[in-house]
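S.K.: got a predicted model here, sequence first, then my questions.
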Amino acid sequence: MSRLNSFLQGVRVLDVSAYIPGPLAGLIFADMGAEVIKIEPPSGDGMRDLGPRDEEGTPLFHAAINAGKTIARLDLKSAEGVKTFRRLAAQADVLIEGFRPGVMDRLGVGYRVLQEDNPGLVYCALTGYGQTGPNAQEPGHDANYLAAAGVLHRNGHPPRFFDPPVTDVCSSLFAATAILGALHRRDTGDGAGAFIDLALADTPMLLQQFALAGFGATGRSPTPDSTYLNGGAAYYRVYATRDGRHIVLGAVEPKFWQAFCEAAHQPGWIARHRDSVPQTTLIAELDAYFAMFSATECMDRFSAKECCVTLVSDLGEAIESPHHSARNLLRLGPQHDLQTLFPAWIDGAAPAVRGPSKLTTAPAFAARFENRRSTV
């Protein structure tokens, strides 16, 4: 087991969220050794109805994102459910929820109520558009947030959103980061918790630093194929090979571009790295060049030349690649489930695989929960 799996030992997390953003943040905490209790309604998390199932009928998406957690079913619309939940929250360090603004307050378990029971509670509300503003009550998903943030406009003809869902995933990471910061301040400062208002719609703005810097200086919005990050540069682009595969050229730095040009026996291209973007003419020449070769021929020519050329692999090919095989971060779990583990080795060891989630009843678990004091 890696030391990573003990970093947050003694921290207790209540996860009252669904689908991806909140549960993925909870998974990160579980990977670092926190005790994570996922509270689901009597009917279960809606993620159980999405995606494939194994031969035993297990919903694979739900199982993957909730591995290593304890799942407790609880009806927060009942007086007994609220009472049990408050008992759990009074002994927790962190609460993650994903309801629309005001829902937790109407249920009687909002931040102010829980703070009275537990002043050190770090409460993270993950919502679509935040607690304030004109869109606070609007529903949304990853593609909606990318569209609203000006990201999709410049990516593809027509615009294409992404898999994996970049806003959902990055919001999980920002939530975990903010929670860890709040815990550090609490435990080294005045002991007070915090209320974290994290809107998924805000996340893409932080991710597009370069585009915003350019807009701030020029007032112009980037369009498809207009920047080096969205296909406008010949040195950072996807090219089709003769056999229908695709190659990524990522020779952003001049030294890598020069290495590519020399391996391609095209010395005349070297100085054109500085051509203005979009590099339409140069892109057309590289399109024609790569179309002359198969994917294997391209990799034979470029892979050892340090010019950032990579074959576009499907998922099966990626899993079997030498890199992912050597890093040992894709392993079979105890249920023969393929797990992608926290992407870091600590002191020379990869993280341990996750155990399956454990289903329990909330009242019984709350009684045990109260008897174990936090060690943080």
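M.R.: Nice, thanks for sending it over.
S.K.: look up phi and psi at the residue nearest the centre of the chain.
M.R.: Residue closest to the average C-alpha location in the chain (Cα atoms, centre = their mean): Val169, at 2.2 Å. Phi and psi for Val169, reported as degrees, to the nearest 10, are phi -70, psi -50.
S.K.: what's near enough to touch it?
M.R.: Listed by Cβ atoms under 8 Å, 6 or more residues apart in numbering, the contact partners of Val169 are Ile20, Leu24. Yep, even glycine has a C-beta here, placed from its N, CA and C like the rest.
S.K.: please apply the same query to the one 3 residues further on.
M.R.: Under the criterion of Cβ under 8 Å, 6+ apart, the neighbours of Ser172 are Ile20, Pro21, Gly22, Leu24, Ala25, Ile28.
S.K.: so the fifth one lies in a helix, does it not?
M.R.: To tie it back to what came earlier, the one meant is Ala25. Yes. Under DSSP: H, G, I helix; E, B strand; the rest coil, Ala25 falls within a helix.
S.K.: that one and Leu173, how far apart?
M.R.: Using Cβ to Cβ, to the nearest Å, one gets 8 Å for the distance from Ala25 to Leu173.
S.K.: the more surrounded of these two?
M.R.: Between Ala25 and Leu173, Ala25 has the larger neighbour count (other Cβ atoms under 10 Å), namely 29 against 14.
S.K.: and the pLDDT for Glu370?
M.R.: On pLDDT, Glu370 comes in at 65.
S.K.: which stretches of the stretch 51-200 of the chain form helices?
M.R.: With DSSP state H, counting those that start in this stretch as the criterion, the stretch 51-200 of the chain has helices at 60-65, 79-90, 103-107, 111-117, 142-148, 166-188.
S.K.: pull out the buried residues from the third one.
M.R.: Going back to what we said before, that points to helix 103-107. Neighbour counts over helix 103-107 (16 or more other Cβ atoms under 10 Å) mark Met104, Leu107 as buried.
S.K.: likewise the second one?
M.R.: The neighbour-count criterion (16+ other Cβ under 10 Å) identifies Gly81, Val82, Thr84, Phe85, Arg86, Arg87, Leu88, Ala89 as the buried residues of helix 79-90.
S.K.: so where's this structure shaky on pLDDT?
M.R.: Applying pLDDT under 70 to the chain flags residues 361-376.
S.K.: ranges for the strands of it?
M.R.: Using DSSP state E, the strands found in the chain span residues 12-16, 35-40, 70-73, 94-97, 122-127, 194-199, 236-240, 246-250, 309-311, 330-332, 338-340, 358-361.
S.K.: which strands and helices sit next to the second one?
M.R.: Think strand 35-40. Contacts defined by 3 or more Cβ pairs under 8 Å, 6 or more residues apart in numbering; DSSP states H and E place strand 35-40 against strand 12-16, helix 21-31, strand 70-73, helix 79-90, helix 362-370.
S.K.: now the end-to-end length of stretch 322-336.
M.R.: Criterion Cα to Cα, to the nearest Å; first-to-last residue distance in stretch 322-336 is 22 Å.
S.K.: tell me how far it lies from the chain's centre.
M.R.: 19 Å (Cα atoms, centre = their mean, to the nearest Å).
S.K.: let me have the strands of the chain in TSV, extended by distance to Ala295 and mean neighbour count.
M.R.: Formatted as TSV, the strands of the chain follow (distance: least, Cβ to Cβ, whole Å; neighbours: other Cβ atoms under 10 Å):
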stretch	distance to Ala295	mean neighbour count
strand 12-16	43	25
strand 35-40	43	24
strand 70-73	44	20
strand 94-97	43	27
strand 122-127	41	25
strand 194-199	42	19
strand 236-240	10	18
strand 246-250	7	17
strand 309-311	6	19
strand 330-332	23	13
strand 338-340	26	13
strand 358-361	45	13
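S.K.: distance to Leu180 for these - can I get that in JSON lines?
M.R.: Formatted as JSON lines, the strands of the chain follow (distance: least, Cβ to Cβ, whole Å):
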{"stretch": "strand 12-16", "distance to Leu180": "11"}
{"stretch": "strand 35-40", "distance to Leu180": "14"}
{"stretch": "strand 70-73", "distance to Leu180": "21"}
{"stretch": "strand 94-97", "distance to Leu180": "9"}
{"stretch": "strand 122-127", "distance to Leu180": "9"}
{"stretch": "strand 194-199", "distance to Leu180": "11"}
{"stretch": "strand 236-240", "distance to Leu180": "33"}
{"stretch": "strand 246-250", "distance to Leu180": "32"}
{"stretch": "strand 309-311", "distance to Leu180": "33"}
{"stretch": "strand 330-332", "distance to Leu180": "25"}
{"stretch": "strand 338-340", "distance to Leu180": "21"}
{"stretch": "strand 358-361", "distance to Leu180": "25"}
